[in-house]
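[1] here is a sequence with its predicted model. Questions after.
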Amino acid sequence: MTHLLHLIVEPGFFSNAPVRSALLAGGIVAVVSGIVGSFAVLRGQSYAGHALADISVAGGSASFLAGVSPLWGFAGVGVLAAGVMDMIGVQRPSGRDLATGIVRGAGLGLGALFLYFDTTHTSTTGATITILFGSLFTISSSLIPVIAAFSLPALGIVLVLYRPLLLSSAAAELAAARGTSVRLVGAACLIAIALTVSLSALTIGAILSTALLIGPAATGLRLTSRPGLAMAWAALIGLAATWLGVLLAYDSFYWGSARHGWPVSFFVVTLILVFYLLSPRPVRRVPD
Amino acid sequence: MFSGFMASTWEVASIVAVVAGVIGFFVVLRGAAFAADAIPQGAFTGAAAASLIGVNTLIGLAVASLAGALGISWLGRRGRRDVATALILVAMLGLGALFLSFSSEYAPEIYALLFGEVLGVSATEIAPVAILGGLCVVVTLLLFRPLLLSSLMPELAEARGVRARRMELVFLIVLALATSMTLPVTGALLIFSLMIGPPAAARSVTSRPLPAMLLSVFIALIVVWLSIAAAYQTNWPVGFFVGTLGAVCYAAGRGWAALRRRRSVRASALPGPSGTGAPAASVRV
Amino acid sequence: MTGQPPAADPAEVLGVADLNVRLGGRPILRDVSFSMREGEFTGLIGANGAGKTTLLKVILGLQPPTSGTVRVAGQTRARRAGLVGYVPQKIALDPDMPMRARDLVGLGLDGQRLGLPLPSARRRRLVDEMLAAVGAERFADSRVGNLSGGEQQRVLIAHALISRPRLLLLDEPLANLDIASEQDVVSLLGKVTREQGVAVLISAHDMNPLLPFMDRIVYLAGGRAATGTTDEVVRTDVLSDLYGQHVDVIRVHDRILVVAGRGGGTRVPAPSADGPAGPCEDEPQPDPHLAESI
């Protein structure tokens, strides 16, 4: 019996401190990303979510430069970019993606500039890689309360504005007729997305950040037609993918004789993709 | 700035601008900004894999770009297009992370892939870029009308035997080839911004397809030339100037469109009711 | 005659007085005045671009008038929410949106409230009742994006009515329906008016489907309105006056035709861009069709 368990969970998994941090931090980010991401996908803002992750990275570089704590750089720039995106926002989805792309291009250009200053002043070329690809296993446990603290406003916005957000995402005219400011609600949602994404980009890398935001949410939407349930699914799937990914990444260290672990981001992303592909296409009811 | 060694830079950049202008016109038309952004990013994986197995990076890039394009097309049929693009993107980046972890020295190459080394282009690199870029442009121009029709009015296109899915696939493949060709020289940032900003501005000025495409090529050329000049002078990365100028183009385009709308609304003032002393106020019976 | 001062009549649900609206420098509505009482079924008739949607938006409080007043149950703009239900023209609902018809109707109760909704038996009962009232039980658990035009219409009506408004506005509800669904929707609305005493204002470009239930009519042309009962308003002399050119009103069986006379027509102003248009979008100018056929 213990032999079987050892097959799945390599020795030392639960007592390993970095693993515990990874599970905790990853878990928090996965749940928040799943819930906030549901709205992102609903509103067709997958691209915006991804763009904000990258822009936060640029903000991170800028903050390295200015000597400010990277967390503020990430979050601050993310929120700023969200504001800009919303201000120049257009109604049609394709127009929105265009605006997102422009902001992303400009933002990355700025990031390139900062990186240039950065590398000419100091030599942190490795920084790009870690920021882009990140690693859950290198999170220090002291960061976890900060992660939780930053997740709260993101989650809070989406939960407090739940009904107006839901209605304005489904049918903006109906929400407007009820006196909801569709514009304001949309801006708040984008800011929540920015906070979520910049947080996860910092802790687990820009790739995972987008994957956790979009994948589980998209899967949840296919599984059920009830809004609240879809979000619960998204959080659950994200959590499962993250924890399983951590487990597999830890185990992979023991595979073969190379003593070389596979990156956790690879596992998590693959699992997210697998879950999405396995989810059934919602049945298109033929109207009577 | 116009010395011998910079000549290659100007040439390559101009070719890239033309390719970006032509294909970017359709990118904007089809609302495919995300795909145009995602495919080059995914191409990273190909570069990493290629380095790992010791193959020419270019081939790795092309293969990864094509895989990305095919993946987006296939997954996009199962669900929403933007979700499909996001998932394929992260899947490829995840794979890229895996390949990266197997090898060790990448930082400078990654930087180059992201932001390009257009200022350091050598003459030998022009030929492949020119040939394949030219190929992409020719294919696009040959398919101009069916592509246009299926982008604007898919049902009408279907009725004429233009299969929307096939066009979508063809378009994505052309996009993938174009970006992978120019990626190593100009970087992911350049090609992407060039494919979005100038065409968006061109479309604001005119809604006629062919002039819009030519205008977008023209604007892309200007953007690229200005960026190179500025980068040469300041030593700052070219990507920064292209990204910023792309945004300026977009903003200018929207400003122009807003101005034109306001003027046209004023111009079509309502002529008073014709003839014969109809009452100015409403009638309450 | 110009409009009369707003009535202090407590049974008056809607009072529009001397309403003028200019958009983008162009006059859309000129000195429009009319009122509606409880349980009245009024048709807002006019060609495309005549200003119907604008008028509805002003009543909703989404568009400020250039001059004039609108009162709903005696209240001015600020306090109007909750008194008015609104069914917009066909809205695009994403088939992937995870929202059942029942969820959308439920949001009609509290879609603007903050905080997380707590499950409540009362809420569920109200939603069930409303769904039954509009005949939507069959597809109550289907995704809203999967509904046909007629089914969607019913759900939108339920969404608007569940909070018991005094006034129900519908913007071209019949535009995309087949004849059978048209009749269903109109008789449903007629039933609602009688049973719940809700005043209903429906905009349409063809008045004929509404004739069986319509108490009064507000006829818009050239930005001006003629109001009264059908017999009072839909007459050759009144409408010719309104259009500023000769039109003929022809009654065939129980149908009404309004036909343009000889000579050039007055060009009806096209609505200005209410919503944001993309960089290259030229909205097609609607043709003035004075001949309204069946």
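    Now that the structure is in, tell me what you want to look at. Predicted, not measured: the structure shown is a model, and the values here were computed from it.
[2] ok, which stretches of chain C are helices?
    Secondary structure of chain C, counting by DSSP state H: helices at C:52-60, C:101-110, C:121-133, C:149-161, C:179-196, C:230-233, C:236-243.
[3] could I get those helices as CSV with mean neighbour count?
    (C-beta placed from N, C-alpha, C; glycine too.) Conversion of the helices of chain C to CSV gives the following (neighbours: other CB atoms under 10 Å in any protein chain shown):
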stretch, mean neighbour count
helix C:52-60, 24
helix C:101-110, 24
helix C:121-133, 15
helix C:149-161, 24
helix C:179-196, 16
helix C:230-233, 16
helix C:236-243, 18
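[4] compare the ones you listed and give me the one nearest chain B.
    Taking CB to the nearest CB, helix C:230-233 is the member of the helices of chain C nearest to chain B, at 4.3 Å.
[5] helices or strands up against the closest one?
    With contacts taken as 3 or more CB pairs under 8 Å, 6 or more residues apart in numbering or on different chains; DSSP states H and E, helix C:230-233 sits against strand C:216-221.
[6] between the strand it packs on and helix C:236-243, how big is the angle?
    Strand C:216-221 runs at 50 degrees relative to helix C:236-243, counting by axes from the mean of the first three to the mean of the last three CA atoms, to 10 degrees.
[7] what mean pLDDT does stretch A:185-193 get?
    Per-residue pLDDT values over stretch A:185-193 give a mean of 89.
[8] how about low-confidence regions in the stretch 151-285 of chain B?
    Scanning the stretch 151-285 of chain B for pLDDT under 70 picks out the ranges B:162, B:184-185, B:188, B:265-285.
[9] on that earlier part again, include mean pLDDT when you put the helices of chain C into a markdown table, please.
    As requested, those are exported to a markdown table (pLDDT from 0 to 100):
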| stretch | mean pLDDT |
| --- | --- |
| helix C:52-60 | 88 |
| helix C:101-110 | 89 |
| helix C:121-133 | 89 |
| helix C:149-161 | 89 |
| helix C:179-196 | 82 |
| helix C:230-233 | 86 |
| helix C:236-243 | 85 |
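[10] can you add distance to B:Val137 and give those helices back as CSV?
    Converted to CSV, those look like this (distance: least, CB to CB, whole Å):
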stretch, distance to B:Val137
helix C:52-60, 45
helix C:101-110, 48
helix C:121-133, 57
helix C:149-161, 44
helix C:179-196, 50
helix C:230-233, 63
helix C:236-243, 55
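[11] okay, now the residue in the stretch 51-200 of chain C that chain B sits nearest to: neighbour count?
    As assessed by CB to the nearest CB, chain B sits closest to C:Asp96 within the stretch 51-200 of chain C, at 6.1 Å. Look at C:Asp96: counted by other CB atoms under 10 Å in any protein chain shown, it has 19 neighbours.
[12] look up how far B:Asp82 lies from it.
    Look at C:Asp96 and B:Asp82: by CB to CB, to the nearest Å, they are 11 Å apart.
[13] secondary structure class for the spatially most central residue of chain B?
    Residue closest to the mean C-alpha point of chain B, counted by CA atoms, centre = their mean, is B:Met195 at 2.4 Å. Under DSSP: H, G, I helix; E, B strand; the rest coil, B:Met195 falls in the helix class.
[14] need the next SSE after whatever helix or strand A:Ala188 lives in, C-terminal direction.
    Element membership for A:Ala188, per DSSP states H and E: helix A:182-204. Counting by DSSP H and E, the next helix or strand C-terminal to helix A:182-204 is helix A:206-223.
[15] same for that next one, what does it pack against?
    With contacts taken as 3+ CB pairs under 8 Å, 6+ apart, helix A:206-223 sits against helix A:17-42, helix A:46-66, helix A:126-133, helix A:182-204, helix A:227-252, helix A:264-278, helix B:81-102.
[16] then it to CSV, C-alphas only?
    Taking C-alpha atoms only, helix A:206-223 is exported to CSV below (Å, rounded to 0.1, in the frame of the first residue of the first chain):
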residue,chain,number,x,y,z
ALA,A,206,3.3,35.4,-16.8
ILE,A,207,2.5,32.1,-18.6
LEU,A,208,0.8,30.4,-15.7
SER,A,209,-1.0,33.6,-14.9
THR,A,210,-2.8,33.7,-18.2
ALA,A,211,-3.4,29.9,-18.1
LEU,A,212,-5.0,30.0,-14.7
LEU,A,213,-7.1,33.0,-15.6
ILE,A,214,-8.6,31.7,-18.8
GLY,A,215,-8.4,27.9,-18.9
PRO,A,216,-10.4,26.7,-15.8
ALA,A,217,-12.9,29.5,-16.4
ALA,A,218,-13.5,28.5,-20.0
THR,A,219,-13.9,24.9,-18.9
GLY,A,220,-16.3,25.8,-16.2
LEU,A,221,-18.5,27.7,-18.7
ARG,A,222,-18.8,24.6,-20.8
LEU,A,223,-19.8,22.4,-17.9
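[17] next, the angle from that helix to helix A:46-66.
    When the same axes, to 10 degrees is applied, the directions of helix A:206-223 and helix A:46-66 differ by 160 degrees.
[18] if we can go back for a sec, isn't the residue nearest to the centre of chain B right up against B:Val22?
    No: here B:Met195 does not reach B:Val22: they are 9.5 Å apart, not a contact under CB atoms under 8 Å.
[19] so, low pLDDT: which residues of chain C?
    C:1-10, C:77-81, C:261-294.
[20] before we move on, the earlier item: next, format the helices and strands packed on helix A:206-223 as CSV and append distance to chain C and mean neighbour count.
    As requested, the helices and strands packed on helix A:206-223 are exported to CSV (distance: least, CB to the nearest CB, whole Å; neighbours: other CB atoms under 10 Å in any protein chain shown):
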stretch, distance to chain C, mean neighbour count
helix A:17-42, 7, 24
helix A:46-66, 12, 27
helix A:126-133, 30, 18
helix A:182-204, 10, 25
helix A:227-252, 4, 22
helix A:264-278, 13, 22
helix B:81-102, 9, 25
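[21] to A:Ala154, which of those lies closest?
    helix A:182-204 (4.0 Å; CB to CB).
[22] run the contact check for that closest one versus chain B.
    No: shown here: helix A:182-204 not in contact with chain B (CB under 8 Å from any CB of the partner chain), separated by at least 11.3 Å.
[23] which helices and strands sit right next to that helix?
    helix A:17-42, helix A:46-66, helix A:70-87, helix A:143-160, helix A:162-170, helix A:172-177, helix A:206-223.
[24] OK, contacts around A:Ala211?
    Under the criterion of CB atoms under 8 Å, 6 or more residues apart in numbering or on different chains, the neighbours of A:Ala211 are A:Val268, A:Val269, A:Ile272, B:Ala86, B:Leu87, B:Val90, B:Gly94.
[25] so how far is chain A from the fourth one?
    The one in question is B:Ala86. According to CB to the nearest CB, to the nearest Å, B:Ala86 and chain A sit 4 Å apart.
[26] could I get the contacting residues of that residue?
    In this structure, B:Ala86 makes contact with A:Ser46, A:Tyr47, A:Gly49, A:His50, A:Thr210, A:Ala211, A:Ile214, A:Gly215, B:Phe34, B:Ala38, judged by CB under 8 Å, 6+ apart.
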